[in-house]
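S.K.: Need a 3D model of the following:
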Amino acid sequence: MLLLSHIWLIPLLPAFGAVVMFFFGRKLQKASVSAVCVGVIVLAFVMACGAVWQYNAWSSLPEHYRQPYQTVLYTWLGSGTGHLTYATHNGTPAPFQADAGFLLDPLSSIWLLFVTGVGMLIHIYSVGYMAHEGGYYRFFGYLNLFMFSMLTLILANNYVLLFVGWEGVGLCSYLLIGFYFHRKSATDAGNKAFIVNRIGDAAFILGMFFIAWYFGSLRFTDVTQIARGGQFAVGDPIITAATLLLFIGACGKSAQLPLYIWLPDAMEGPTPVSALIHAATMVTAGVYMVARSNALFVLAPASMKTVAIIGAITAMFAASIGLVQNDIKRVLAYSTVSQLGYMFLALGVGAFAAGVFHVFTHAFFKALLFLGAGSVIHAMSGEQDMRHMGDLWHRTRTTHATMFIATLAIAGIFPFAGFFSKDAILWETWSREGGAYRTLWVVGYVTAFMTAFYMFRLMYLTFHGRPRMSHEVEHHIHESPRSMTVPLIVLALCAIGAGWLGWPHSLYGSDRFTKFVEPVFQPEARVLQLEGQTGQLVAGVEEEKNTGTEWLLMGLSLAAAVAGWGVAWRSYRHADKNYVEPIAAAAPPVYKVLLNKYYVDEGYDYVFTGRRKVGNVRLGVLGLGEASSWFDTYVVDGLVNFAGWITRLAATISSWWDKFIIDGIGVNGPAILARMLSYPARLFEWGLVQWYALVMTAGLVGFMLYYVWH
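M.R.: Have a look, this model is predicted:
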């Protein structure tokens, strides 16, 4: 049990690699950078596999049966002494406490395995892809920091530590999206990702405040136990508010309407970054947080319906934009937004296991698609526009074959991974609550058709048809090095077989994936009941009753995928330099709207940023800035100038008053009067002692003569 008790070492390994790069990377050779940064991720993956294996053995023991494993290193915030307390929902004082603690259960095990596994392959791939790029050590330092943040997020045993990882992946996305900082488009994209995510993060913090106040704890196991204790009514307004706030946070991190706008622009970063963000780390964080909070969401039906509706709308909305995009990475970006919508649709209808299953399969085929796109861009000397590609299949055979497998998987072609996870979501959506969500099933079904169309459109425009690149680019087309193609092959194998873990009962499978994660998504009593004979009998009857319907829906889903493939094959297999987009030919206004992404970015520019004017009026932040500047110039400065004029006038009056009244009447006037009145006396005041003596003598003589005379 050594690895299990030291799971906290798993995120510290990439943290060590990041620290080495930031402090010493500039002095290291590229081979040393690769050895350190790839080595720590390989070691983290090995430790993750060992920890999950030990957890399965530990949780199979009767005394630990299906319980999560926790290890607490120390109390990070607060203490158990009760000095800092708050009232819970029933008025009982509780100490605030957040641990530096780590948790391993089936849910975090799934994320731990594919984050370290896919992350390891992306690191290996990056060695070849970034071999001739500047800032090599900085890039790998950021990648390692990204892995540390995501591993902290998924292994945290409480919301506060999860939020630390949550903010960490946001920071790393900013750094990696803007990696080519000398390009304004890259820095703008990094800023956009950072700002949009702050909106969701603010809501997440408020949701945590609600949970801390209402439940008296932020530890996942405590919150789950209290929520399932039967003391809260379904539809509790506080829980509903908390879960809606959490979901807003998830919309920001996992790119759902209306906060999805940052993810397509994230393509400005290097392609391995796109693969890491879209497949293994950042965008799956929102799905993980909602799945981890499932005990709260089931008590808030309004929140669940909101999650389902937003997820379904986002899935179709993003897929429709992907139909006409020409940048190979941007097509995949909108595909990610759409697939995330599928995941939230599953979570919203209560099919938590199906949603997590799609996260698992999506990690492999989406990482493969992005890394394959990077291989194409590498072969095309940096070209990303599919209109300037074509006829690459025989020049990049490994890339073509592996991307074709990934396309079959994401399109939902049997028996590739995406077929099983996508079908599980559609089936659960159809069958939940007596068919209450069948409108959303229609949305998901149409999205499946669009997914197949735009993905096979990508394949035919990139690898088939006539070559449409310049002669200079065509001359340099070549397959990528083995450091890039070997990860593609490994991911292709996973894209084929990962879905078999969830082979459904209707196809005579055991659905081992759902059985593995099931304890996380329902009370222990329900789990134990289903293990009894009665529970098995009920499940069996329900399965037999619905098998025919499930087969029909599987057939319809597969037909939609094949139809999308067929339309793309007919439209693009012979594409040359003069090919015309079918949608553009059939409905030019629709094509223009889709090509411009429903003008959402322009709408944000009008309303929020103000970079565009409505008539002569500028709205948003820049509009507020202009209004503030006008107010400052004409109101604030005017008032200041008026106050200055009043001050100068008062100073002038004060100076006149002081000179002519105070000094003139009060000071100089009495002096002049005294001088005038003293004038006769001053005639006899010479200031000479001799004259004073003479006058005194004369006076004395005169007095004596007067006295003698009389």
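S.K.: what's the burial count for Pro68?
M.R.: Neighbours of Pro68 under the rule other CB atoms under 10 Å: 20. Bear in mind the C-beta positions are built from the backbone N, C-alpha and C, glycine included.
S.K.: In space, what's closest to it - neighbours in sequence excluded?
M.R.: Nearest non-adjacent residue to Pro68, counting by CB to CB, 6 or more residues apart in numbering: Asp105, 3.6 Å away.
S.K.: pretty sure that neighbour is touching Tyr69, no?
M.R.: Yes - with contacts counted by CB atoms under 8 Å, Asp105 reaches Tyr69, the gap being 7.1 Å.
S.K.: which neighbours do the two share?
M.R.: Counting by CB atoms under 8 Å, 6 or more residues apart in numbering, the shared contacts of Asp105 and Tyr69 are Tyr55.
S.K.: on that earlier part again, which per-residue confidence value corresponds to the residue nearest to Pro68?
M.R.: pLDDT recorded at Asp105 is 96.
S.K.: How many neighbouring residues does it have?
M.R.: Burial of Asp105 is recorded as 21 neighbouring residues (other CB under 10 Å).
S.K.: List the residues that contact it.
M.R.: By CB under 8 Å, 6+ apart, the residues touching Asp105 are 55, 67-69, 519-520.
S.K.: can you map out the strands along the stretch 501-650 of the chain?
M.R.: Along the stretch 501-650 of the chain, counting by DSSP state E, counting those that start in this stretch, strands occupy 613-614, 617-618.
S.K.: which one of the ones you listed has the lowest average pLDDT?
M.R.: strand 613-614 (a mean of 67).
S.K.: Now the residue lying closest to Tyr604 once chain neighbours are set aside, what are its backbone angles?
M.R.: Counting by CB to CB, 6+ apart, Ile261 is the residue found nearest to Tyr604 once chain neighbours are left out, at 6.4 Å. When read as degrees, to the nearest 10, the backbone of Ile261 gives phi -60, psi -20.
S.K.: now for the longest strand along the chain, which elements pack on it?
M.R.: Longest strand of the chain, by residue count under DSSP state E: strand 69-78. Strand 69-78 is packed against helix 30-59, strand 97-104, helix 159-177, with contacts defined by 3 or more CB pairs under 8 Å, 6 or more residues apart in numbering; DSSP states H and E.
S.K.: ok, 10 Å please
M.R.: When contacts are defined as 3 or more CB pairs under 10 Å, 6 or more residues apart in numbering; DSSP states H and E, strand 69-78 packs onto helix 2-5, helix 30-59, strand 97-104, helix 159-177.
S.K.: Send me the shortest one as CSV with only the CA atoms.
M.R.: This points to helix 2-5. Only the C-alpha atoms of helix 2-5 are listed here, as CSV (Å, rounded to 0.1, in the frame of the first residue of the first chain):
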residue,chain,number,x,y,z
LEU,A,2,3.0,2.3,-0.2
LEU,A,3,2.0,4.0,-3.4
LEU,A,4,-1.6,4.4,-2.2
SER,A,5,-0.6,6.1,1.0
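S.K.: buried stuff in that helix?
M.R.: Buried residues in helix 2-5, counted by 16 or more other CB atoms under 10 Å: 3-4.
S.K.: Need the contact partners of that helix.
M.R.: The contact list for helix 2-5 (CB atoms under 10 Å, 6 or more residues apart in numbering) reads 9-10, 46-59, 69, 71, 102, 104.
S.K.: Brilliant, that's me finished.
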